[in-house]
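*Asks:* Quick one: sequence plus predicted model below, questions after.
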Amino acid sequence: MPTPTPLVFGPVPSRRLGRSLGINNVPPKSCSYSCVYCQVGTTPQRTIERRAFHSPEEVVCAVLRRVQSLREQGQHVDYLTFVPDGEPTLDVHLGQEIDRLRSLEVPIAVITNGSLLGNEDVRATLNRTQWVSIKVDAVEVPTWQQVNRPHDALALEQVLAGLRAFSRGFEGELATETMLVRGLNDRPAALESTATFLAELGPAVAYVAVPTRPPSEGWVRAPDEEVVTAAHEIFSRHLPRVELLVGWEGSDFGTSGDAVEDLLAISAVHPLREGGQAHHAHDEQGDGRTGPTTYTLHIPIPSSAIGQAGLNR
């Protein structure tokens, strides 16, 4: 019998949100997409039907307990982030969960693939948050189908229309993320089309990412450094702020005092590098050695991109 996936994990160090307490409101792997680069694996059966996965009480109580425990230890949380093993907006109770977590006075974030934003109820739900990241990997149908492998009932034109509608009404901070996969969506023409569309959304920041965790498809590779540099330059011509997500997040993981339980909870939904594991192991030993392990990335970070945009960890 598989081990149940924890409802709450972290806080984990986020390149975008600081110390982010993850909320896993959708179990693996309920999603409208089956992205070739997904770290959680392929989607056995894609779905666009919103339904209940957990009761709102179950999700909210798990978050409240974790935050209270962290605060008692003097640890802080920068964001409560709905970032489950599937698509968070498939949870029909998401709006209730967001409303009931406001009492914690911690900003709420949702990381979504945006495929259900054509639904007015979904847009209204995400409008209750302070920060939303939307995935936009491609705006051309063949490339979208190759990279994201969407549910058969989804149409790209309707998905993009939903993103436009949401961006016009959202009062929080909007971010976009584009994951580059070598040979699929990294052509200059494709990048120009994507950047032009993103400019319509007007995000506060547009993130350009490359796969740094084991993907669902073994053949997936990150583009070469020159291609990542070119992508940054193309996006920067259309957007005021572009940042690269190609680095290591750090090892500032939150701990409940039970290192084994923390590692199991975090690694179930957030693949760990050696440094993060060592951080917890050292805490367990009580020797105070919590510094991160040094890594050499397989994909070098373009110096020109860092100089202009910086690396958001």
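*Replies:* Done, it's in.

*Asks:* which SS class is Arg123?
*Replies:* Three-state call for Arg123 (DSSP: H, G, I helix; E, B strand; the rest coil): helix.

*Asks:* what number of residues lie near it?
*Replies:* By the criterion of other CB atoms under 10 Å, Arg123 has 20 neighbours. Using the backbone N, CA and C atoms, a C-beta is placed for each residue, glycine as well.

*Asks:* can you tell me which residues contact it?
*Replies:* Remark: with contacts taken as CB atoms under 8 Å, 6 or more residues apart in numbering, Arg123 is in contact with Leu117, Gly162, Ala165, Phe166, Gly169.

*Asks:* In ChimeraX, select just the buried ones from those.
*Replies:* Restricted to buried positions by 16 or more other CB atoms under 10 Å, the ChimeraX selection for the contacts of Arg123 reads:
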select :117,162,166
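
*Asks:* Next step: the contacts of Arg123 restricted to helices.
*Replies:* Among the contacts of Arg123, the members falling in helices (DSSP state H) are Gly162, Ala165, Phe166, Gly169.

*Asks:* nearest residue to the last one other than its sequence neighbours?
*Replies:* On the basis of CB to CB, 6 or more residues apart in numbering, the spatially nearest residue to Gly169 that is not a chain neighbour turns out to be Asn127, at 6.3 Å.

*Asks:* can you map out the helices along the stretch 1-150 of the chain?
*Replies:* Along the stretch 1-150 of the chain, counting by DSSP state H, counting those that start in this stretch, helices occupy 56-72, 94-101, 120-126, 141-148.

*Asks:* quick revisit: so can I have a markdown table of the contacts of Arg123 showing pLDDT and distance to Ala138?
*Replies:* Shown next, in a markdown table, are the contacts of Arg123 (pLDDT from 0 to 100; distance: CB to CB, whole Å):
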| residue | pLDDT | distance to Ala138 |
| --- | --- | --- |
| Leu117 | 98 | 16 |
| Gly162 | 98 | 16 |
| Ala165 | 98 | 19 |
| Phe166 | 98 | 18 |
| Gly169 | 96 | 24 |
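
*Asks:* Tell me which two in the contacts of Arg123 are the farthest apart.
*Replies:* Gly162 and Gly169 (11.4 Å; CB to CB).

*Asks:* Can you pull the poorly scored residue ranges out of the stretch 201-313 of the chain?
*Replies:* Applying pLDDT under 70 to the stretch 201-313 of the chain picks out residues 247-313.

*Asks:* can you do 80?
*Replies:* Along the stretch 201-313 of the chain, segments meeting pLDDT under 80 span 246-313.

*Asks:* which element is Ala230 on?
*Replies:* helix 225-238 (DSSP states H and E).

*Asks:* Tell me the gap between the helix or strand immediately after that helix in the chain and the middle of its chain.
*Replies:* On the C-terminal side of helix 225-238, the closest following helix or strand by DSSP H and E is strand 242-245. Mean-position distance between strand 242-245 and its chain equals 14 Å (CA atoms, centre = their mean, to the nearest Å).

*Asks:* Who are the packing partners of strand 242-245?
*Replies:* In terms of contacts (3 or more CB pairs under 8 Å, 6 or more residues apart in numbering; DSSP states H and E), strand 242-245 is packed against strand 205-209, helix 225-238, helix 303-309.

*Asks:* okay, the ones you listed, which one's buried deepest?
*Replies:* Most buried of those, by mean neighbour count (mean count of other CB atoms under 10 Å): strand 205-209, with a mean of 22.

*Asks:* what sits up against that strand?
*Replies:* Strand 205-209 has contacts (CB under 8 Å, 6+ apart) with 16, 133, 175-180, 195, 198, 228, 231-232, 235, 239, 241-246, 312.

*Asks:* just stretch 147-156 next, same as before
*Replies:* With CB under 8 Å, 6+ apart as the criterion, stretch 147-156 contacts 32-37, 43, 46-48, 113, 115, 135, 137-141, 144, 159, 179, 181, 184-185.

*Asks:* quick one: the residue lying closest to Thr194 once chain neighbours are set aside from Ala231, how far?
*Replies:* Using CB to CB, 6+ apart and skipping residues adjacent in sequence, the residue nearest Thr194 is Val139, 5.4 Å away. Look at Val139 and Ala231: by CB to CB, to the nearest Å, they are 14 Å apart.
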